[in-house]
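Student: take this sequence and fold it.
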Amino acid sequence: MIPDITMALETMLGMWADGEGVPVAWDNIQFDPPDDGLYLISHDMPAQPYSIDLAGGCRVYPGVYQVTVVAPAGGGKSQARALARRVAALFPENQAITGDGFTAWVTSPPAIFPGIPDGVSYSIPVSINYRADISA
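Tutor: As a prediction, this is how the structure comes out:
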């Protein structure tokens, strides 16, 4: 069984974002960013799975889930930083992320990186390390 960790992470973020009224740009789905507000971009970056026993009976599925907070350029960074902290708080270290037949875990505190201006927007990446251990 290959766990669909992406779906579990996106479900968790989506429910929270809907409750907060924050739009999210999901991979490969049409999205029109708001002209004057904050929004999130969701990306899952799974790493190479590996086995931790000689028989190959226990597989580890690690990865990084990145949620980027995007703000319009020229509006300062305080609102974007505050939203980045709230996203990070959603995924604390040791947070269980349940999916269809598996549980993944946040393996370290989320990292909030410095903002990246590009002239049009100001983006703050929030990276969440995770792993799921699956017995075959």
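
Student: make it CA atoms for all contacts and neighbour counts henceforth
Tutor: Noted.

Student: next SSE after the longest helix along the chain?
Tutor: In the chain, assigned by DSSP state H, the helix with the most residues is helix 5-20. Remark: after helix 5-20, the chain's next helix or strand is strand 24-25, criterion DSSP states H and E.

Student: show me what the longest helix of the chain is packed against.
Tutor: On a contact count with 3 or more C-alpha pairs under 8 Å, 6 or more residues apart in numbering; DSSP states H and E, helix 5-20 meets strand 96-99.

Student: if we can go back for a sec, average pLDDT across the longest helix of the chain?
Tutor: Mean pLDDT, computed over helix 5-20, is 97.

Student: same check on stretch 103-115?
Tutor: Here the average pLDDT along stretch 103-115 is 97.

Student: okay, it in CSV with CA atoms only?
Tutor: What follows is stretch 103-115 as a C-alpha-only set of coordinates in CSV (Å, rounded to 0.1, in the frame of the first residue of the first chain):
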residue,chain,number,x,y,z
THR,A,103,-1.1,7.7,10.0
ALA,A,104,1.8,10.1,9.1
TRP,A,105,3.6,12.3,11.7
VAL,A,106,5.1,15.8,11.6
THR,A,107,8.8,15.0,12.4
SER,A,108,10.1,18.4,13.4
PRO,A,109,8.9,21.9,14.1
PRO,A,110,7.8,23.6,10.9
ALA,A,111,10.3,26.1,9.4
ILE,A,112,9.2,29.6,8.4
PHE,A,113,11.6,30.9,5.9
PRO,A,114,12.4,34.6,5.1
GLY,A,115,10.0,36.3,2.7
